[in-house]
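Trainee: Sequence first, predicted model second:
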Amino acid sequence: MSQKVVVIFSGGMDSYTVLNKALREGYEVYALSFDYGQRHNKELTYAANACKELNVAHKIVDISAINELIGGSSLTSDIDVPEGHYEQDSMKQTVVPNRNMILLSMAVGYAVSLEAKKVFYGAHSGDHAIYPDCRPEFVHKMNDVCAIANYEAVEIACPYLDVSKIDILTDGLKMGLDYGKTWTCYNGREKACGKCGACQERLEAFAKNQATDPLAYE
């Protein structure tokens, strides 16, 4: 009988790759998505469609009320999404306070209820500069906490923690994944903007892999 795992699945290309990687490694995957009031909640539709196609158990949990406590991010508040690369200081406006600690805590609780031993999420090195909750030191400390927070230890697994989005895409293309089934843009409009940090990093990854992004852009 295969081992149960929870995958935090936003509907973006990183978590889509992690989800498929976990499936190929033989895990029994339970995908978990969160509506935290993000302006790009279009990603949740992509997540639901992908899980349906892959026949993966999937929950979308509405925690949007949390924005009464953790405002101030351009992803959740009435603040323009900055344009430019992730390496620019302005991208700190996209940080949602304590987001990954909150999401991981709930995912770990779900894992314990399922008797799952791991929670996967798609942190990678390209996020380290801007997002403290994607850095190795955060992941390692969360692992320490999640080993003792319940009677059952749960591991926080980040298979791409030390590599870039370019490498994630390389791995996904080797798996034959269709990234037209993912949403990355921080603006939830009909087409991806191509200008926000998320879009620019995605487009850079495709360019470095000498591949064409199947997603439509403005």
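Mentor: Sure, I can see it. Because the structure is a prediction, the values reported are computed rather than measured.

Trainee: Pull up the gap between the closest residue to N67 other than its chain neighbours and C146, please.
Mentor: Nearest residue to N67 in three dimensions, chain neighbours excluded: G37, at 4.4 Å (Cβ to Cβ, 6 or more residues apart in numbering). The C-beta positions use only the backbone N, C-alpha and C, and glycine is treated the same way. Distance, G37 to C146, by Cβ to Cβ, to the nearest Å: 25 Å.

Trainee: sec struct for the residue nearest to N67, please.
Mentor: Of the three states, G37 takes coil under DSSP: H, G, I helix; E, B strand; the rest coil.

Trainee: Show me what the lengthiest helix in the chain is packed up against.
Mentor: As assigned by DSSP state H, the longest helix anywhere in the chain is helix 99-114. Contacts defined by 3 or more Cβ pairs under 8 Å, 6 or more residues apart in numbering; DSSP states H and E place helix 99-114 against strand 4-8, strand 28-35, strand 118-120, helix 136-146.

Trainee: Run the chain-centre distance for the last one.
Mentor: The offset between the C-alpha centroid of helix 136-146 and the centroid of the whole chain comes to 17 Å, using Cα atoms, centre = their mean, to the nearest Å.

Trainee: which of the residues in that helix are buried?
Mentor: For helix 136-146, a neighbour-count test (16 or more other Cβ atoms under 10 Å) marks 138-139, 142-143, 146 as buried.

Trainee: and the longest helix of the chain, which residues are buried?
Mentor: 99-100, 102-108, 110-112.

Trainee: and what of stretch 56-67?
Mentor: Applying 16+ other Cβ under 10 Å to stretch 56-67 flags 56, 58, 60, 66-67 as buried.

Trainee: Among the residues you listed, which are located in helices?
Mentor: Short answer: the buried residues of stretch 56-67 have none in helices (DSSP H).

Trainee: would TSV of the helices and strands packed on helix 99-114 with distance to I156 be doable?
Mentor: Converted to TSV, those look like this (distance: least, Cβ to Cβ, whole Å):
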stretch	distance to I156
strand 4-8	10
strand 28-35	13
strand 118-120	6
helix 136-146	5
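
Trainee: Between these, which one is closest to S15.
Mentor: Closest to S15 of the helices and strands packed on helix 99-114 is strand 4-8 (Cβ to Cβ; 6.4 Å).

Trainee: any low-confidence regions in this structure?
Mentor: 1, 39, 70-96, 126-130 (pLDDT under 70).

Trainee: One more pass at 80, please.
Mentor: Residue ranges of the chain with pLDDT under 80: 1, 37-40, 67-98, 126-131, 133-134, 188.

Trainee: roughly how far apart are G180 and N55?
Mentor: From G180 to N55 the distance is 19 Å (Cβ to Cβ).

Trainee: that older thread, and the buried residues of helix 99-114, which is closest to L19?
Mentor: Closest to L19, out of all of those and judged by Cβ to Cβ, is A107, at 13.2 Å.

Trainee: For that closest one, give its distance to M175.
Mentor: Taken as Cβ to Cβ, the span from A107 to M175 is 23 Å.

Trainee: Likewise for P136?
Mentor: 25 Å.

Trainee: before we move on, what about C199?
Mentor: For C199, the distance to M175 - Cβ to Cβ - is 23 Å.

Trainee: Who has more neighbours out of these two?
Mentor: C199 (22 against 11; other Cβ atoms under 10 Å).
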